[in-house]
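In: what shape does this take:
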Amino acid sequence: MPISHALLLLILTAVKQITAQNYVTVGSLANPFSIRPPYVDVDLNSSTGIAVTFESVSSVIQQSTFENPCTWGGEGYFSYNYTATVSTPSVTIKFSDLPGQPPYWFFDAASDHCKRGMVFAVNPESESQFNDFRTRALSGGVAPTATVQSGLTNSSATSATGSASEAAQTTDGSNSEGGNDDGAMSLSASMFFVSMLAAITSGWAVL
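Out: Residues are numbered from 1 along each chain as shown. Next up, the predicted model:
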């Protein structure tokens, strides 16, 4: 019996919806503190949500923000508490229930899971942006503080160089002044001997 066009279209639509459903797996027997894949790129026009499956440890999946990866966004933001003893270890995050626009950021709020890097995202702008998000999570949920030690070292070196230069200039100046004093003394001595010679010569002339 041939399949009608309407039935075929219905089947294709169902297949499209199934394939458009995205999945994220939290934990595993081999690595309880993993989330894979770490982020998904979703066509929000054809997908209604993302299925989160739990494989090992109890977890609390919550929606956060890029600026504060390990802090729940508050009322209206997604939050789901999974206990490892439940019979259905999965939940679907519906995009229509999420506030704001993508990217969407999520983390595991159980214990220290977030600081272990248990975060994931939907439609991050780039892999680099997601890596920044995860780095913040590993740093305790805040942006890492930029180090300025090299700058201080350079400043210290500059200061030391400047001090050394000033000291060298002072020393050179002192030596220069000392050289002037020596020259003045030599000139005075020469004039003294010339005067003495002139006096003696004058005395001889009188005699």
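
In: can you pull out the helices in the protein?
Out: Using DSSP state H, the helices of the chain run over 5-20, 127-138, 149-206.

In: okay, now R116: neighbour count?
Out: 14 (other C-beta atoms under 10 Å). Where C-beta positions appear, they are placed from N, C-alpha and C, glycine not excepted.

In: what sits against it?
Out: R116 makes contacts with F33, L138, as judged by C-beta atoms under 8 Å, 6 or more residues apart in numbering.

In: so that it lines up with my notes, have the first residue be 36 from now on.
Out: Okay, using 36 as the starting number, the last item reads as R151.

In: before we move on, what's the pLDDT of it?
Out: Per-residue confidence at R151 stands at 96 (pLDDT).

In: can you check L222 too?
Out: So L222 comes in at 42 (pLDDT).

In: please apply the same query to T118.
Out: T118 carries a pLDDT value of 89.

In: go on, S63?
Out: The model's pLDDT for S63 equals 89.

In: that one contacts S91, correct?
Out: Yes: the pair S63 / S91 is scored as a contact, 6.0 Å apart, by C-beta atoms under 8 Å.

In: re the thing from before, and the helices of the chain, which one is worst for confidence?
Out: Least confident of the helices of the chain, judged by mean pLDDT, is helix 184-241 with a mean of 44.

In: report the buried residues of stretch 81-94.
Out: S82, G84, I85, V87, F89, E90, S91, V92, S93, S94 (16 or more other C-beta atoms under 10 Å).

In: could you dump those to CSV with distance to F101 and pLDDT?
Out: Formatted as CSV, the buried residues of stretch 81-94 follow (distance: C-beta to C-beta, whole Å; pLDDT from 0 to 100):
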residue, distance to F101, pLDDT
S82, 21, 87
G84, 21, 94
I85, 18, 94
V87, 19, 96
F89, 24, 94
E90, 27, 91
S91, 27, 83
V92, 25, 83
S93, 26, 92
S94, 21, 95
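
In: which ones are touching T118?
Out: T118 neighbours (C-beta under 8 Å, 6+ apart): S93.

In: show me the contacts for M153.
Out: Here M153 is in contact with V61, F68, S69, I70, S94, F142, D143, A172 (C-beta under 8 Å, 6+ apart).

In: and the second one, how far from H148?
Out: Read that as F68. From F68 across to H148, the span is 6 Å (C-beta to C-beta, to the nearest Å).

In: kind regards, and thank you for your time.
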